[in-house]
Structures are given as C-alpha cells and as structure tokens.
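K.L.:
What would the 3D arrangement of this be:
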Amino acid sequence: MNLRACLTVLAVCVGLLALGATAAQADWTTYHADGALSGVDRSSGAALPFAAAWTAPNLAGTVWAEPLVYHGLVYVATEHNDIYAFDERTGAQVWHVNAGAPVPASKLPCGDISPTVGITSTPVIDSASGVLYAVADLAVGSSAAHTLVAYDARTGAPVFSRSVEPPSNPLNQLQREGLALDGGRVLVGFGGNDGDCAQYKGFLVNAPESNLGANDIYTVPTSREGAIWSGGGAPAVDAAGNVYVPTGNAANGPGQPYDHGDTLEKLSPTATELDYWAPTTWAQDSASDADLGSVSPELLPGNLIYQGGKNGNGYLVSSTKLGHISGGVYQAPVCNSFGSDAYSAGILYVACTSGVHALNIDTAGQRFSARWTGPSDANGPPILAGGRVWVTSTGNSKLYGLDPNTGAVQVTQATPAMEHFVTPAASDGRLFLATGATLNAYTIATAATPTPTSPPPPTPPTTTPPATPRAPDMNLCRRKLSLNLGIPRRGRIVRVAQYLGHHRIEVRHGHGLRRVLFAHPGVGRFTLRVVETPRHGRGITLTARFRNCRRIIVRNRRQRR
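P.N.:
Below is the predicted model:
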C-alpha cells in the first residue's frame, strides 16, 4: 500500500517574561497518582484557606472511582458507563461519552452497587499517548460483558474497545480494582460481587494498549474466590515493571493445601507469577474472611513493601525476595484496612476503618512504629496534597484535612453522601472528590510554579557586529518538541519510534497515533529519525533535522517492515 506521511514539528518556546509565571501543571493519571501508589500530589504549593471551587452535579450515575487529572481536565467515570471531562479550573464540561448500557443490578447474584453496574474501577490515562482506558460492564441480553474502552483524553473521541472478560461467568465477576499501566499493557483486576456469592475467581487480565495481540491472564490457583480487588485500589508497579497484587480469601482453610488465598503476588507485565508471599495465618484468614486483598500494597524505599488487610496486622516484606509463607520482614498490629495508603518523607498514612493511622517507616532497620491516629471516622484511603493529609469519612459524609506530622484536624468539610472507600485526587492547588452522582472541586493550595531560569550572561561589548544573527538561547525552550503525525487514513499508525543517531529516545504504542513528544537534547543542531509503523502495509521512516528548536529539513522514504 502506498502511504505518504506528513510531519509537522512544533517547538514550544517562551520568553524571559513568562519564565516563573506559568503554573506547573502536574497530572494525576492513575489511582493514587503513580505506580508506587504514593498518593502524593507534587504540583500544589503552599496551603491556602480551604474553599469550595465548583461542583458538577447530577452526573448520570453514581461514582465509585477516583477522579483523574490530565492536561487541565478532570475526569470521572460512573456506574452508568459515562465518562465526563471537566475543565479543572472552572468546572465547565468539556466532553462526555457513554460506553454502552450498564448491567442492571437485579441481574447479578449479589452485590452492593445499584441500580446499575457500569464503570466501577478507576480508569487510567497514558500520559504519553493521551489515551484514557476504562473497563465498562455492558449489558448483553441476560448476561454481561467486561469491555476495555479507550478514548482520546483530550477530545473523548473513541480509540478502540475490546473484551477483557476472564474465563468465568461475567455476572459473577466484578471489576473493582483500579486500572494500571505497565510496559504497554493495561492491568485489569477481577474479583466477585459484595457477599462473595456464586462461583468466581481472582484474575488479573493484561490487555495491550495498542489493541494488537491477545490478553494475558493470571488466574489465582484456587477452586473459587481469591479476589483481586484491593478495596478499589490498584496494582502496584515498580520501576522494573514488576506488578504486585494481593488476593482475598480463597477456598481452602485450616488443614487444607495452600491455594494462594490471602497472598501478595509478584507478577511480570505479561501476568506470569515471579514470586509470592503469604502470612503464616493465611488459612485462618481465608476461613474468617480476613482478606489480605482488601488494600493495595504500598511500594516503599529500600525495596520494601507495606501490606495491610482485614486481619488487623501490617506487614513489611522485601520486593526482591517475598519469602513465600512467612512472617515477612516485620509485622505488628495496625488496623483493619481497605483501599490504599499514602507515603511521603518516611511516614506511611494507612487507610483504617478506625481512622487513618500514621506510621514512622524505618527503611534501614526494616521496622515501623505508630506516629498518630486521626479522627475515628476518617476511614477513606488518604492522599497528600498542599501540605495536608486528605481523607474521607464515607459513613458520615465528611472530608478531613489533617496535619501530616501530628494528625491535627485543620479542615472539616461536609459533603454529599459517598460510596465505599472513596478517595480524592489533587492537582495544581485543587482537590477533586466524587460524591454519589456529584464531582466537587476545592481550592486547597497555590499552584506550584516552575523554578525560574536564570537569564544568560550579558554579551561582552564588541565593536564588530556579528556576521549572522545570534541563535536563540536554548534555555528559553521547554525542551519538548511535538511531532504531529498524519497519513491519509486515520487510525493507521500503531507504533512510533524516535532515534537520535543510533540511540532510541522514545517509543510510543497506540491506535491511530497522531502526536508524540520528545525531549530536546539540549544541542543547537540535531537530526531525528522517526519510524512510523502502520497497522497494515509498509512502515515509513521520516528524517527531520532541527536547528535551535526549529525544523529545517524533513525527508521521508518508504521502508518495509
């Protein structure tokens, strides 16, 4: 097939007057901000008096997921299979899509979501490609279909949809765990409906972001149960791409063989088990519904992982050698926990049903100790933003802002009623909280600003003017160049690789890629080779030469795959 590609390059530069004046916009694109599930917003500055900013009422369904933030938009997904995008500053609706008819709650064997079950888990956004992924539970006759849907996060334009159904009865499986990304895969955890009724199993389905190829599936090796749900949390992903998910109570109890219930699993990006750890009480915990899988693991410095659960203990384990069935590196009573924790500067903030607990983490000694306990009803998964710990009271419809060092209450805000284990998100001095069918935004802090760049030293006086105009100072560039890719038929390009000499500097996967970003190498002149791979036909190599943030030459040639 004869394909002709066109390449336009935009170099974004700013003048000296703009330096230090533009807000630094940080995105919250996954559950609890990042792969370690730190729950930390790094874009907000000094605390401001707490104030309501805006409210988006009357969403078409209830919200169980955490909001997300990307490029100035805040996103929320509902049990009606709706996804909304709002301007994070004004609350104006920018776009809205519906993924399809949700499943009536009456069709399920049990559960606590009503009147329909649609998008329950927190979606995830690939900040490189700008694609938002969510899992919608779609009504199909008298059954259901768990479907991964992908949309352009800026416009809401559909990218693709594909099944992520595990090998089980769809009505018996609930996709509760938040989504995560790892090595070009979307991680999708499955468990059962509230009440543990009917035959279900724990699964982690890993689907390709590019929509090319088959899903990978990890199945908890038990005859039933063993949910991967994390109280609505998400898989943790370390820098090497290893995935950590806890399982819930499974079929076997005391006197029966170990079946990976109440276990912390370490998996590869393709859902292969690499290692595992379970407490010595796994059998009793399974028999008493004391899930280890009720809360996400928290990745800590020093190759440590903190894992809580419903049995009241907190555990430290080593990510390099989990230890199989053991007491872990360290354990001590903490609390009954659901959702996800937060970590910053040596302090772990634990989501406890008895009120958020703060623990001092000694990574060198591989120990933890109690620091403070918050209000008894501050039981939602905590986050840190604008110098405070933010935690919801889901039973009493309140939002707390706590001093991170002492736990002293600094903010108490009444809210509409909210669902189980609701957790806020934050970005650029705003906090976003979904309550029922409402999205609320609050002003909590200043928006952080980038560090000002020092102007270049003055040019020494000279009596002879330069022969050519002076090249622009590279310090004035944001050091990001945007490659806008275009071919006659939209939706073709599925992979783009960029090379500086023989060094590959970026690779992007997607469906219908139209734009990719790369960092300016910091030199005045360089040549970039861009290899576009279409879904069908021949690949194309484009060669672009740059001088001082400007493209000066583009050549393209056809290249076979």
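K.L.:
where's residue 399 relative to residue 412, distance?
P.N.:
In this structure, residue 399 lies at 8 Å from residue 412, with C-beta to C-beta, to the nearest Å as the measure. Every C-beta, even on glycine, is put in place using the N, C-alpha and C of the backbone.
K.L.:
ugh, typo on my part, it should be residue 155
P.N.:
Distance from residue 155 to residue 412, counting by C-beta to C-beta: 38 Å.
K.L.:
follow-up on the earlier one: of residue 399 and residue 412, which one has the most company?
P.N.:
Neighbours were counted for residue 399 and for residue 412 using other C-beta atoms under 10 Å; residue 399 has more, 24 against 14.
K.L.:
Quick check: that one is in a strand.
P.N.:
Yes: counting by DSSP: H, G, I helix; E, B strand; the rest coil, residue 399 falls inside a strand.
K.L.:
ok, now which ones touch it?
P.N.:
Contacts here follow C-beta atoms under 8 Å, 6 or more residues apart in numbering; on that basis residue 399 touches 390, 391, 392, 393, 411, 412, 413, 415, 424, 433, 442.
K.L.:
Which of the residues you listed sits closest to residue 79?
P.N.:
Nearest to residue 79 among the contacts of residue 399 is residue 433, at 16.9 Å by C-beta to C-beta.
K.L.:
and the helix or strand containing that closest one, what's its mean pLDDT?
P.N.:
The secondary structure element spanning residue 433 is strand 430-435 (assigned by DSSP states H and E). When the per-residue pLDDT values of strand 430-435 are averaged, the result is 97.
K.L.:
repeat for stretch 99-113
P.N.:
pLDDT averaged over stretch 99-113 equals 97, rounded to a whole number.
K.L.:
From here on, call the first residue 55.
P.N.:
All right, first residue 55 from here; so that's stretch 153-167.
K.L.:
Could you tell me which residues within it count as buried?
P.N.:
For stretch 153-167, a neighbour-count test (16 or more other C-beta atoms under 10 Å) marks 153, 156, 157, 159, 161, 162, 165, 167 as buried.
K.L.:
what kind of secondary structure is the last one in?
P.N.:
Right, the one you point to is residue 167. With three-state DSSP as the criterion, residue 167 was assigned coil.
K.L.:
do you know how far it is from residue 356?
P.N.:
Noted for residue 167: a distance of 39 Å to residue 356, by C-beta to C-beta.
K.L.:
hang on, residue 439 packs against residue 480?
P.N.:
Yes: because the distance of 3.4 Å satisfies C-beta atoms under 8 Å, residue 439 is recorded as touching residue 480.
K.L.:
Give the residues shared as contacts by those two.
P.N.:
Any residue near both residue 439 and residue 480 by C-beta under 8 Å, 6+ apart counts here, and that gives 95, 98, 498.
K.L.:
any chance of those in CSV, with secondary structure, distance to residue 302 and neighbour count too?
P.N.:
Shown next, in CSV, are the shared contacts of residue 439 and residue 480 (DSSP: H, G, I helix; E, B strand; the rest coil; distance: C-beta to C-beta, whole Å; neighbours: other C-beta atoms under 10 Å):
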residue, secondary structure, distance to residue 302, neighbour count
95, coil, 30, 26
98, strand, 35, 25
498, strand, 34, 25
